[in-house]
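**Student:** After the sequence you'll find the predicted model.
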Amino acid sequence: MSFQPILPLGGYAGWAFLTRTLDRQQAVFDKSPAMARDTDYFTAKIGEVDSAGALVADRRLLRVALGAFGLGDDIDSRHFIRTVLEDGSTDTAALANKLSDKRYLKLAEAFGFGPGETRRTGQPGFAERIVAAYRNQRFETAVGEQDTSLRLALNLERELSDLAARGLNDASAWFSVMGSAPLRQVFDTAFGLPDGFAALDLDDQLSGYRAKAEQRFGSAEFAQFAQPERREELVRAYLLQAQVRQVDATLSSARTALTLLGG
């Protein structure tokens, strides 16, 4: 049986405990037999893979490759994943550039199997980077099996750090949030945005996000979330709002049940 993260509390108190013990818990999780088998195999074999076809043909390699980008549910969609990889990321007509979920674009960029691109599977450090991402994603998944909100908070920390490192302009960074379902859920909840917000025109959504950021944090600029203390404020706002919504949903269900019983 693999190690399960220890989460004695939920909400922001649970987040404080998780972040305080994260390094120790992650280290134990990474040493579990199943994780070690997957990552050792990937490290030993990925350098030999020279095409998208070869990658999708090896289920064990594909599991780690997809898992590193949070795409583990696509393990049986081999034709689709092969197309994403073979199209690459540099052509605007490539499938990964057409998909709203930018995890596929990150996958294509990471492997470099597209036309005119440089294959990266044999480059020094490639296997280690993918394995590290896979371990983090798997740990987040294990956390999510106990508490979805804490999983999204962990994902937020990682994704915002990645966005900051990419050096995107302000609008592109906000649009990246809109294109990431986990990030969008955190921001929408933290900002108290209604369910129909995602259906608005993209420019209207951009204005909405900037206005809410200005109202809550004193700045509309996305670059502020490169600061650890500002990310922590965002996580706190998200977890507190998520708890409020959970309580409201519970009370609503209780009122409905009482109404039915009274009837």
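**Tutor:** Thanks, I have it. Residues are numbered from 1 along each chain as shown.

**Student:** Thought Phe113 was touching Ser51, still the case?
**Tutor:** Yes. Under the criterion of C-beta atoms under 8 Å, Ser51 makes contact with Phe113 at 6.4 Å. C-beta coordinates here come from the backbone N, C-alpha and C atoms, glycine included.

**Student:** For these two, indicate the residue with more neighbours.
**Tutor:** Phe113 (26 against 15; other C-beta atoms under 10 Å).

**Student:** Which residues are in contact with the residue most central in space within the chain?
**Tutor:** Centroid-nearest residue in the chain, with C-alpha atoms, centre = their mean: Asn155, separated by 4.7 Å. Listed by C-beta atoms under 8 Å, 6 or more residues apart in numbering, the contact partners of Asn155 are 70, 140, 182-183, 186.

**Student:** Next up, the contacts around Pro182.
**Tutor:** Residues in contact with Pro182 (C-beta under 8 Å, 6+ apart) are 70, 152, 155-156, 159.

**Student:** what pLDDT does it get?
**Tutor:** According to the prediction, Pro182 has pLDDT 90.

**Student:** The residue nearest to the centre of the chain and Ala54: what is the separation?
**Tutor:** Using C-beta to C-beta, to the nearest Å, we find Asn155 at a distance of 30 Å from Ala54.

**Student:** ditto for Ala96
**Tutor:** Noted for Ala96: a distance of 19 Å to Ala54, by C-beta to C-beta.

**Student:** So for those two, which sits in the more crowded spot?
**Tutor:** Ala96 (23 against 16).

**Student:** Could you look up the SS state of the residue nearest to the centre of the chain?
**Tutor:** helix (DSSP: H, G, I helix; E, B strand; the rest coil).

**Student:** Name the residues of the helix or strand harbouring Ala36 that are buried.
**Tutor:** Assigned by DSSP states H and E, Ala36 falls within helix 33-45. Using 16 or more other C-beta atoms under 10 Å as the test for burial, helix 33-45 gives 35, 38-39, 42, 45.

**Student:** do the same with stretch 113-123
**Tutor:** Buried positions in stretch 113-123, judged by neighbour count with 16+ other C-beta under 10 Å: 113-114, 120-121.

**Student:** Among the residues you listed, which ones are in helices?
**Tutor:** Using DSSP state H to define helices, no part of the buried residues of stretch 113-123 is located there.

**Student:** ok, which pair from these is furthest apart?
**Tutor:** The distance between the two most remote of the buried residues of stretch 113-123 (C-beta to C-beta) is 13.2 Å, for Gly114 and Thr121.

**Student:** What degree of burial does Lys212 show, as a neighbour count?
**Tutor:** Neighbours of Lys212 under the rule other C-beta under 10 Å: 18.

**Student:** I'd guessed it sits against Phe191; true?
**Tutor:** Yes. Proximity of Lys212 to Phe191 meets the contact threshold set by C-beta under 8 Å, at 3.9 Å.

**Student:** where are the low-confidence patches of the protein?
**Tutor:** 1-2, 246-263 (pLDDT under 70).

**Student:** any idea how it splits into domains?
**Tutor:** 11-133, 169-262 (automatic domain parsing).

**Student:** Figure out which of these is closest to Glu145.
**Tutor:** Of all those, domain 11-133 comes closest under C-beta to C-beta, at 12.3 Å.

**Student:** what about Arg158, how many residues close to it?
**Tutor:** Other residues lying near Arg158 total 15 when counted by other C-beta under 10 Å.

**Student:** Could you check what's spatially nearest to it, not counting adjacent residues?
**Tutor:** Nearest non-adjacent residue to Arg158, counting by C-beta to C-beta, 6 or more residues apart in numbering: Asn136, 6.4 Å away.

**Student:** do Gly88 as well
**Tutor:** Gly114 (1.2 Å).

**Student:** Next up, the contacts around Ala96.
**Tutor:** Counting by C-beta under 8 Å, 6+ apart, Ala96 touches 84, 87-89, 104-105, 107-109.

**Student:** just the residues you listed now: which is nearest Ala173?
**Tutor:** Distances from Ala173 to the contacts of Ala96, taken by C-beta to C-beta, are shortest for Leu105, at 14.8 Å.
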